[in-house]
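> need a 3D model of the following:
(one chain, ligands or ions: 1)
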Amino acid sequence: MSKLLRKPNKNESTQGVTIVHDVTTENSLLKYVEFKIVDLAPGATYAEELAKKECCIVALTGKIHVTDKEATFKNLGTRESIFEKKPTDSVYVSNDRCFEVEAVSQARVALCYSPSEKQLPTKLIRASDNGVEHRGKYNNKRMVHNILPDSDPSANRLLVVEVYTESGNWSSYPPHKHDQDHLPQESLLEETYYHEMDPPQGFVFQRIYTDDRSIDETMTVENGDVVIVPGGYHPVGVPEGYTSYYLNVMAGPTRIWKFHNDPDHAWILER
Ligand SMILES: O=C[C@H](O)[C@@H](O)[C@H](O)CC(=O)O
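Next up, the predicted model:
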């Protein structure tokens, strides 16, 4: 199996707290992005000290309380299923702070991390703060919820978006990459994808490839999988009948999303 594909690996760390994914700079090719998926039973709590990292806590499903021991945000989360297709609540917590998540109901939480040195204020990112974008046409249509876009100065390095791609459509397409620290032409952003499918037995194909094909992996990605994108183009194709969801975390030396389309396929945008 590709080193870029991670299947769910459930590990009950404490009573009612199950770590489903734990992508770190130690166990992956990434330097700027770390990522966790945590399932919490009602009443269970998950806490962390952040040191020199910032974290965006995304209430994927269920209701949670979040505190950084100074501010407390109660009853966050807007959906029981990701496929209700509405934005959700998130909280940004900066470096040298701690946080605690308490589940009000059964909850799944995404923890999105990147290195951070300059402490910024903790920020509640309400569902209503998410910019909603409808991108593309023909069979390249997708809906994007911008949770922490580069236009929002609340974070030092983190970029967080979630993307819905309907049956028979492609997203992260035409293929683009952001793996060169070469602004203004292109920014270097590592990326993770956390995928879900509706109905859940579905799959998508995701190809990760570079111009020189030193990386060229096409993966069958299933519900709950994580794909790691250290670099290269990263298109996603969704089979007929299924809806794809993915949560993207991006981070790199500069917090700008400046991508470069694969010239072989950029003509798609001219139709
Ligand atoms: O680089 C960003 C990721 O590939 C996705 O967020 C992608 O941009 C979503 C899309 O517009 O298809």
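> give the contact list for Glu196.
Ile82, Phe83, Asn223, Gly224, Ser244, Tyr245, Tyr246 (CB atoms under 8 Å, 6 or more residues apart in numbering). Bear in mind the C-beta positions are built from the backbone N, C-alpha and C, glycine included.
> need the residues of the stretch 1-150 of the chain near the ligand, please.
Arg135, Arg142, Val144 (CB under 6 Å from any ligand atom).
> isn't the second one up against Gly168?
No. Arg142 sits out of contact with Gly168 when judged by CB atoms under 8 Å, with a separation of 11.9 Å.
> the more surrounded of these two?
Arg142 (21 against 13; other CB atoms under 10 Å).
> quick check: beta-bridge partners of the closest residue to the more buried one other than its chain neighbours?
The shortest distance from Arg142 to any non-neighbouring residue, by CB to CB, 6 or more residues apart in numbering, is to Ser171 (4.0 Å). Beta-bridge pairing for Ser171 (DSSP bridges): Val236.
> can you tell me how far Ser171 is from Tyr193?
The gap separating Ser171 from Tyr193 is 10 Å, by CB to CB, to the nearest Å.
> repeat that for Thr78.
The gap separating Thr78 from Tyr193 is 22 Å, by CB to CB.
> more neighbours: which of those two?
A direct count of neighbours by other CB under 10 Å for Thr78 and Tyr193 places Tyr193 higher, at 27 against 15.
> shouldn't that one be within a strand?
Yes. Assessed with DSSP: H, G, I helix; E, B strand; the rest coil, Tyr193 lies in a strand.
> ok, now which ones touch it?
Contact partners of Tyr193, counting by CB under 8 Å, 6+ apart, are Gln206, Val221, Val226, Val227, Val229, His234, Val236, Tyr246, Leu247, Asn248.
> who are the packing partners of the lowest-mean-pLDDT helix or strand in the chain?
Lowest by mean pLDDT, DSSP states H and E among the helices and strands of the chain is strand 11-14, with a mean of 93. On a contact count with 3 or more CB pairs under 8 Å, 6 or more residues apart in numbering; DSSP states H and E, strand 11-14 meets strand 17-23.
> show me which positions of the strand it packs on end up buried.
Applying a neighbour-count criterion of 16 or more other CB atoms under 10 Å, one finds Val17, Thr18, Ile19, Val20, His21, Asp22, Val23 buried in strand 17-23.
> for stretch 76-96, same thing?
By 16+ other CB under 10 Å, the buried positions in stretch 76-96 come out as 76-77, 79, 82-83, 85, 87-95.
> quick one: Phe73 from Ser128, how far?
Noted for Phe73: a distance of 14 Å to Ser128, by CB to CB.
> of these two, who's got more company?
In this view Phe73 and Ser128 are compared by other CB under 10 Å, and Phe73 has more residues nearby, 20 against 8.
> which of the three states applies to that one?
Under three-state DSSP, Phe73 falls in the strand class.
> where does pLDDT dip in the stretch 51-200 of the chain?
Across the stretch 51-200 of the chain, nothing is flagged by pLDDT under 70.
> sorry, back to before: now do the shared contacts for Ser171 and Tyr193.
Contact criterion CB under 8 Å, 6+ apart; residues shared by Ser171 and Tyr193: Val236.
> quick one: the strands in the stretch 1-150 of the chain, in order.
5-6, 11-14, 17-23, 34-40, 45-49, 53-61, 64-67, 72-76, 90-93, 98-103, 107-115, 123-125, 131-135, 142-148 (DSSP state E, counting those that start in this stretch).
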